[in-house]
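Visitor: Build the 3D model from these lines:
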Amino acid sequence: MKTISRSWRLRSARVALAALAVVALCAALGGVLAPHDPLAQHPSDMLQGPSLQHPLGTDYLGRDVASRLLAGTGLSVAGALESVGAAMVIGALPGVASAWFGRALEWGALRAADTLMIMPFTVFAIAVVGALGNGMHQAMLALGLLFAPLYFRVTRAAALGLKQAQYVEAAELMGASRRWVLRVHVWGKVLPTVAVTTAQAIGQALLVVSSLTFLGLGVQPPAPTWGGMLASDLGYLAQQPWAPLIPGAAIMITVGALNILADAIRDSTGAGGGTAGAAGGASVSRAAVGTPKSPGSSASQPHAVRTGEVPADVPTA
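Guide: Alright, predicted model coming up:
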């Protein structure tokens, strides 16, 4: 909640969230808001321009473009969210664990991340779809696997920085269990970095999902998607040269808003690049563990760890 409140103070974040709220509304209620059936074909109305009945015109089968754009928003956004959600689970948890649970797990996780990073998105997705069948969930699982190294690396970098923080070391010396340290001191500092990564990853995933549907993978016609609409409109540029701009603008606005939101979160929290944890740990460690006073001062002994940072009754392993 602190991350949201800090980001909301920035004007760029409010503009980005407003645009994303419109996209979310269209994704959730696109079928209800659509003025016509997005799958209904009317050959007598093929390739018509914008009008009162069809605000964005019709396509090569006489289907209402505005209705298809609204209906396709849900599938496109859902695909991006599904792939990023899978990547977060597959990548973020091992990223933190690899920094805390021994070299064997660290070595295996790093080798798996390096292997996935060298695989091209489209080729790997095509291979998975060919092996498991052409479906939305299969393609999004493939994308989730390829986005997982992104989460793994940023969360691991943040966790490694926090591991060296003095207040974390103090908690461990006082007998705090590893689970308690991770829950209280680590996850709260890692989450802003995860939020920045998620905003960026959703934008990247939306571009990849649009590319796959452009090629006919994941969601098959006649189901409307932004990438599928873009592919079909390119075949009729002579009749409607402006038609590809409609789904292209939807993709551009959504991805741009996500990138602006990621920048706003980074600016408001100091997260980003996987180094937020280290920076946050350095600033808090001085308050968590005191330093010795000079010999001439009234208190020459080091300050004890403040109970506000590490309670005395922390659970032990």
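Visitor: just for this structure, where's the confidence low?
Guide: Across the chain, the ranges flagged by pLDDT under 70 are 1-7, 270-317.
Visitor: need the helices for the protein, in chain order.
Guide: Ranges of helices in the chain, per DSSP state H, are 2-8, 11-33, 65-98, 103-117, 121-132, 136-163, 166-173, 178-181, 187-214, 226-233, 245-269, 276-288.
Visitor: so who does the residue most central in space within the chain touch?
Guide: Central residue of the chain (Cα atoms, centre = their mean): residue 198, 2.2 Å from the mean position. Residues near residue 198 by Cβ atoms under 8 Å, 6 or more residues apart in numbering: 84, 88. Where C-beta positions appear, they are placed from N, C-alpha and C, glycine not excepted.
Visitor: of the helices of the chain, which approaches residue 51 most closely?
Guide: Across the helices of the chain, residue 51 has its closest neighbour in helix 65-98 (10.8 Å, Cβ to Cβ).
Visitor: So for the closest one, what gets flagged as buried?
Guide: By 16 or more other Cβ atoms under 10 Å, the buried positions in helix 65-98 come out as 65-88, 90-92, 94-98.
Visitor: and what of stretch 259-268?
Guide: By 16+ other Cβ under 10 Å, the buried positions in stretch 259-268 come out as 259, 260, 261, 262, 263, 264, 265, 266, 267, 268.
Visitor: got it, and stretch 116-133?
Guide: Buried, per 16+ other Cβ under 10 Å, within stretch 116-133: 116, 121, 125, 126, 128, 129.
Visitor: Same question for stretch 240-258.
Guide: Buried positions in stretch 240-258, judged by neighbour count with 16+ other Cβ under 10 Å: 240, 243, 244, 246, 247, 250, 251, 254, 255, 257, 258.
Visitor: Could you do stretch 144-163 as well?
Guide: Going by neighbour count (16+ other Cβ under 10 Å), the buried part of stretch 144-163 is 144-163.
Visitor: swap in stretch 33-51?
Guide: 34, 36, 38, 45, 48.
Visitor: for the first one, what are its contacts?
Guide: Residue 34 makes contact with 64, 66, 67, 68, 70, 71 under the criterion Cβ under 8 Å, 6+ apart.
Visitor: Next up, the contacts around the last one.
Guide: By that I understand residue 71. 30, 31, 34, 38, 224.
Visitor: which ones are touching the last one?
Guide: By that I understand residue 224. Contacts of residue 224 (Cβ under 8 Å, 6+ apart): 38, 39, 68, 69, 71, 72, 75.
Visitor: Now do the contacts for residue 261.
Guide: Applying Cβ under 8 Å, 6+ apart to residue 261 gives the contacts 7, 13, 16, 17, 20, 199.
Visitor: Determine which two of these are furthest apart.
Guide: 7 and 20 (12.2 Å).
Visitor: More neighbours: which of those two?
Guide: The neighbour comparison of residue 7 against residue 20 (other Cβ atoms under 10 Å) goes to residue 7, with 25 against 20.
Visitor: Count the residues that sit near residue 114.
Guide: The number of residues packed near residue 114 is 11, by other Cβ under 10 Å.
Visitor: Just give the closest residue to it, not the sequence neighbours.
Guide: Spatial nearest neighbour of residue 114, excluding adjacent residues (Cβ to Cβ, 6 or more residues apart in numbering): residue 149 at 7.7 Å.
Visitor: quick one: the one you found and residue 117 touch, right?
Guide: Yes. Under the criterion of Cβ atoms under 8 Å, residue 149 makes contact with residue 117 at 4.7 Å.
Visitor: shared neighbours of the two, anything?
Guide: Joint contacts of residue 149 and residue 117 (Cβ under 8 Å, 6+ apart) do not exist.
Visitor: Quote the end-to-end distance of stretch 36-55.
Guide: Separation of the first and last residues of stretch 36-55 by Cα to Cα, to the nearest Å is 11 Å.
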